[in-house]
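Q: Provided below are the primary sequence and the corresponding predicted coordinates.
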Amino acid sequence: MEQLLLAISDDELVLRAQAGSLSAFDELIARHQDRVFALAFRILGNAEDAADVQQETFVKVWVSIGKFRGHAAFSTWTHRITVNLCLSRKRKKDWSEKPEQLDEERHYALAQRSTSCIERLETSIVVREALAAIPTRQRTLIVLRDLEGRSFEEIAEIVGGSTDSVRTRLSRARKLLREKMRPYLEGEGI
């Protein structure tokens with residue numbers, strides 16, 4: 001039965017889940033859980049919160065699957081739910097914290113590695129800190145387009161609005177991200 005589900009499209013699995021098939025819904029979760037977690041983690045910057053949002057997303061999908069009409073891809077619909085839950089979670093919490101700092105042991109181990117590896121890690125931390133410093137809605141656009149490679153049409157469906165407004169808002173978000181990164185890029189040679 002499991003191998004048969006692997007060959008079925010998301011659309012067919014949705015129809016089966018709407019008819020009450022738990023195995024079809026389980027397959028949908030298996031196919032999409034990693035991308036939902038990655039999206040939530042990139043927006044929230046915290047694995048525990050991302051895992052919570054991942055779980056909330058699939059609970060909401062199960063409760064609402066009967067309302068899904070297929071006007072968008074299942075993955076787009078699921079990502080829209082994820083983004084909305086992330087934005088809601090961000091509104092409820094104070095997110096002024098910086099990303100977690102490296103502990104001494106990890107820092108010592110990294111110091112043993114090559115300089116290029118350390119430079120890549122530093123760049124990654126700088127990008128993560130700069131992303132954390134911009135508003136959530138702008139961060140979401142950057143994550144969807146630049147990290148997940150979504151089309152402007154998909155992003156418009158996920159966050160709402162037209163593709164032109166998404167392009168404009170993404171341009172502003174990228175500009176703000178560059179401004180947040182400028183001190184690191186100019187001052188520290190990264």
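A: Structure's in. What do you need?
Q: what is the longest helix anywhere in the chain packed up against?
A: The longest helix of the chain (DSSP state H) is helix 163-187. Identification of packing neighbours for helix 163-187 by 3 or more CB pairs under 8 Å, 6 or more residues apart in numbering; DSSP states H and E yields helix 115-132, helix 136-142, helix 152-159. For every residue, glycine as well, the C-beta is placed using N, CA and C.
Q: break this structure into its domains for me.
A: Here the domain parsing of the chain from automatic domain parsing is 1-97, 102-190.
Q: was I right about residue 51 contacting residue 37?
A: Yes. If you go by CB atoms under 8 Å, residue 51 and residue 37 touch, sitting 6.8 Å apart.
Q: got any residues that touch both of these two?
A: Overlap of the contact sets of residue 51 and residue 37 (by CB atoms under 8 Å, 6 or more residues apart in numbering) is empty.
Q: more crowded one of these two?
A: When neighbours are counted by other CB atoms under 10 Å, residue 51 and residue 37 differ, and residue 37 comes out ahead with 18 against 14.
Q: now do the SS call for that one.
A: Assigned state for residue 37: helix (three-state reduction, DSSP: H, G, I helix; E, B strand; the rest coil).
Q: and it, what pLDDT?
A: Per-residue pLDDT puts residue 37 at 94.
Q: with adjacent residues omitted, what lies nearest to it?
A: Computed as CB to CB, 6 or more residues apart in numbering, the closest residue to residue 37 that is not its neighbour in sequence is residue 54, at 4.6 Å.
Q: likewise for residue 80?
A: Nearest residue to residue 80 in three dimensions, chain neighbours excluded: residue 158, at 4.5 Å (CB to CB, 6+ apart).
Q: go on, residue 127?
A: Leaving aside its chain neighbours, residue 127 sits nearest to residue 181 (7.1 Å; criterion: CB to CB, 6+ apart).
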